[in-house]
Structures are given as structure tokens and as C-alpha cells.
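[1] sequence unknown, structure follows:
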């Protein structure tokens, strides 16, 4: 595996570490600063909204300037967002804090393309393994992110200010690593020729399955994950329990990444996505049980595994739906659709968990988790019906 993929994995680890820190502290900051409880997860939603806003520009910028410059620009945007959020905490200004998380989300939107850069840096035969290795950087983040959230929470007199100072350090370290990383120029990675219309690409069954599987897997996971700190705080659990639960969740999200590529090659994308959806439903079932802290642990572990087995195979499937010259626009469309859904789920998490409660919220996720399975079944039936009937 090329060194470039390893360095991208480290950048991914730093990105996810920062995301974990934000997941752990942003809902709690929101509940302290927001005008009412329904707005408590709004800073998380604006983070995802920023990510959504960055998806199309990030892909197009990298198509013109290259991956390296694009990733460095994303980290600089993250640093600006950190500065705005830190000032908002000092001034106790809720809407300024939302602006800060929106800017941070823009930076994260650029970083979400690390997995596609890994595909370009690795030989074709190692495509799925390269995706897995980069996403596997989240394993380091699973330990480092919650630890940073715990130790940085009270480093400054202003609550959670230290958390954002730590986040700024993560983005600075990523900038250093990127400066040492060799990535191919855009004329090599994006090819030449006449691209097909985007509508034609998006109508392909391959594209539809990839996008729907990714957005359901990510959307269901994000809705339950974002609601978790609020549900646990409402149940009377200490912040350390919240951080530990998120830690186990993120570990379940990324640890399987080292073998997901092998499993996908052996069992096929369809079986992996169906398994991922079943695990997401398993999380929702566990949430119906009154199992205390253990119930949150088990539910969030199943949730992380379900995300991994839907999102990673869907990423590999997407790369089969376009030609090199079509890469930037197709990836931009995919990222926009997926992270628009994620932004919506983050926004809904606060009001839903405060009005419906943890158990009912998760129950509503079961039919959503069935959507990719239904789509895969429908497409299989259509293909079977199109096969020529030979009599004799």
C-alpha cells in the first residue's frame, strides 16, 4: 500500500478525532446557550449544513487545483471556524457559535474526500483496501477523540473553550502532514474525454443503490448518534459516560474498516449492505429495552457497525458508476445528497429526542433502515424479469 494512503489515513484520524469531540460537546453547548431545548442540536446541524454546502465546491475545486491544495484549504477553513466558535463561547453567543460550527463543517466537507483520494493513490486491485485503510484511521480517533473531549473540557475558565483550542491543534497537525503528502495532479486523476450528462450518470441503477445506501446508513446513524448525548444527559448519566459511549460507537464505526474491503470482495456489495441495514435495525431494537448504560453501549456499537457495512461498500460501488473525467461532478452529487440528509437528521435529532424520547425515536429508524434492502430487492426482481426466456 503506498505511503500516501497511510498519510491520508492519519489525516482522516485527525479529522474524525475532531468530529468526535464536536459530537460530544456541541449538543451540550447548544443546550446551555440555546433559547430553548428544541435548538440544542442546532450547532450540530449547522456543522453538517456547512459540510453539505462544501460538497459540490470541494469536488470541483479539487478537480481544478488538485486534492492536496483542496485538503489544505479545508483545514484552513476549519481553523477559521474554530476561532469563531471560541469567541462565541467567550461571549456566550449562541448564533455566533452556530456560525463557527458551520465554518468547521465546510472544512470537514473537504476532508470527507480523503477516501476518494486514497482510491486514486492506490492500484486498482487495492481500491477497497485503500478505502478501508483510510477510514480505519478512525480507530485511532475512537480513543483520541473522547480523551481529548474529556481532558480539554475544563482546561480554560470558559466551559468547553479548551475543547475548541484542541480542535485547532488537530487541524494544524493535519496541515503539516498534508504538506508532506504527495498526491497526483488533477490532470492525472480526472482524465480526459467527453463526460456524460450528470442526469444520465445519476439515473444508473449502480449510482442509485450507492447513494441511497450511503445516505440511509449515514442518516440513520447520525440521527441516533446526535441524539445520544442528550438522551444520556436526560437519563442522568455523567459526561464521562457520554464520552465513553461515543468512543465505543466510533470504534465500532471504524475498526471493521480494515476487513470491510475483504468482506465486500468475498460476499459482495449487496450482502454487505443488507447486513449493515440489519445492524442498524438491531440498534433500534436494543433501544427499546431498559438496559441502562449497557443498553446505550450495545445500541451505539450496533449503530457504528451498521454505518460501516453500508457506507464503505456504497463508496466502492459509487466509484464504478463514473469515468475518470466524470469523477468531480459525480462525487459532488453523491456527497451533496448524502450530507444534505445528514444535516437534516442532525437538525431533527434535538426536537425528536426531546418530544418522542429515545425509544420511540429509534423505533422510527427501523422502516428507514429497510429502504436500501427494498431497493436492492426491487432491482433484482427487475433484472430477473428482463432476462430472456428460453424454451425448448
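    Received it, and whenever you're ready, just let me know what you need. It should be emphasised that the depicted structure is a prediction, and the values quoted were computed from it without experimental measurement.

[2] Following the chain onward from the helix or strand harbouring residue 53, which element is next?
    For residue 53, the host element (DSSP states H and E) is helix 42-65. Of the helices and strands lying after helix 42-65 in sequence (DSSP H and E), the nearest is helix 67-91.

[3] buried ones in that following helix?
    By neighbour count, with 16 or more other CB atoms under 10 Å as the criterion, the buried positions of helix 67-91 are 67-68, 70-75, 77-82, 84-89. For every residue, glycine as well, the C-beta is placed using N, CA and C.

[4] What separation do you get for the closest residue to residue 164 other than its chain neighbours and residue 176?
    Across the structure, with CB to CB, 6 or more residues apart in numbering as the measure, the residue nearest residue 164 apart from its sequence neighbours is residue 86 (4.8 Å). Shown here: residue 86 relative to residue 176, a distance of 21 Å by CB to CB, to the nearest Å.

[5] go on, residue 54?
    Per CB to CB, residue 54 is found 22 Å from residue 176.

[6] Then residue 250?
    Taking CB to CB as the measure, residue 250 falls 24 Å from residue 176.

[7] which of those two has more neighbours?
    The residue with more neighbours, out of residue 250 and residue 176, is residue 250; 27 against 10, by other CB atoms under 10 Å.

[8] next helix or strand past whichever strand or helix holds that one?
    In this structure, residue 250 sits in helix 239-254 according to DSSP H and E. Scanning forward in sequence from helix 239-254 by DSSP H and E, the next helix or strand is helix 257-267.

[9] now the helix or strand that comes right after that following helix against helix 239-254, angle please.
    Taking DSSP H and E as the definition, the helix or strand that follows helix 257-267 towards the C-terminus is helix 269-286. Helix 269-286 and helix 239-254 are oriented at 160 degrees to each other (axes from the mean of the first three to the mean of the last three CA atoms, to 10 degrees).

[10] got the angle for helix 269-286 vs helix 257-267?
    Using the same axes, to 10 degrees, the interaxial angle of helix 269-286 with respect to helix 257-267 works out to 120 degrees.

[11] for the helix or strand that helix 269-286 is followed by, packing partners?
    Beyond helix 269-286 on the C-terminal side, the first helix or strand identified by DSSP H and E is helix 292-318. Helices and strands touching helix 292-318, as assessed by 3 or more CB pairs under 8 Å, 6 or more residues apart in numbering; DSSP states H and E, comprise helix 127-135, helix 205-234, helix 239-254, helix 257-267, helix 269-286, helix 327-356.

[12] Report the mean confidence score over the third one.
    This points to helix 239-254. Here helix 239-254 scores 83 as its mean pLDDT.

[13] Likewise for stretch 67-76?
    92.

[14] How far does that stretch sit from its chain's centre?
    18 Å (CA atoms, centre = their mean, to the nearest Å).

[15] Check the residue nearest to residue 164 and give its pLDDT.
    We note a pLDDT of 93 for residue 86 in this prediction.

[16] swap in residue 22?
    Turning to residue 22, the model gives it a pLDDT of 85.

[17] Please name the nearest non-neighbouring residue to it.
    Counting by CB to CB, 6+ apart, residue 47 is the residue found nearest to residue 22 once chain neighbours are left out, at 6.3 Å.

[18] mind listing what the one you found touches?
    When the contact criterion is CB atoms under 8 Å, 6 or more residues apart in numbering, the partners of residue 47 are 22, 26, 101-102, 104-105, 108, 346.

[19] How much space separates it from residue 53?
    Distance, residue 47 to residue 53, using CB to CB: 11 Å.

[20] With residue 130 instead?
    When CB to CB is the yardstick, residue 130 and residue 53 sit 28 Å from each other.

[21] Between those two, which is the more surrounded one?
    Shown here are residue 130 and residue 53; by other CB under 10 Å, residue 130 has more neighbours (27 against 18).

[22] State whether that one and residue 114 are indeed in contact, as I suppose.
    No: Residue 130 is not in contact with residue 114 according to CB atoms under 8 Å; the separation is 10.5 Å.

[23] check which helix or strand covers residue 18.
    Under DSSP H and E, the secondary-structure element containing residue 18 is helix 3-33.

[24] List the buried residues of stretch 360-367.
    Taking 16+ other CB under 10 Å as the neighbour-count basis, stretch 360-367 is seen to contain the buried residues 361-362, 365-366.

[25] do the same with stretch 27-42
    By neighbour count, with 16+ other CB under 10 Å as the criterion, the buried positions of stretch 27-42 are 27-31, 33-34, 37, 39-42.

[26] Out of those residues, which is nearest to residue 284?
    Nearest to residue 284 among these is residue 41, at 19.0 Å by CB to CB.

[27] How about that closest one: what's its closest non-neighbour residue?
    Nearest non-adjacent residue to residue 41, counting by CB to CB, 6+ apart: residue 350, 3.4 Å away.

[28] okay, now that neighbour: neighbour count?
    What residue 350 shows, counting by other CB under 10 Å, is a neighbour count of 26.

[29] how much space between it and residue 14?
    Here the criterion is CB to CB. By it, residue 350 lies 27 Å from residue 14.

[30] And residue 3, by the same measure?
    Using CB to CB, which is the criterion applied here, residue 3 is 17 Å from residue 14.

[31] The two: who's more crowded?
    The residue with more neighbours, out of residue 3 and residue 14 and counting by other CB under 10 Å, is residue 14; that gives 25 against 11.
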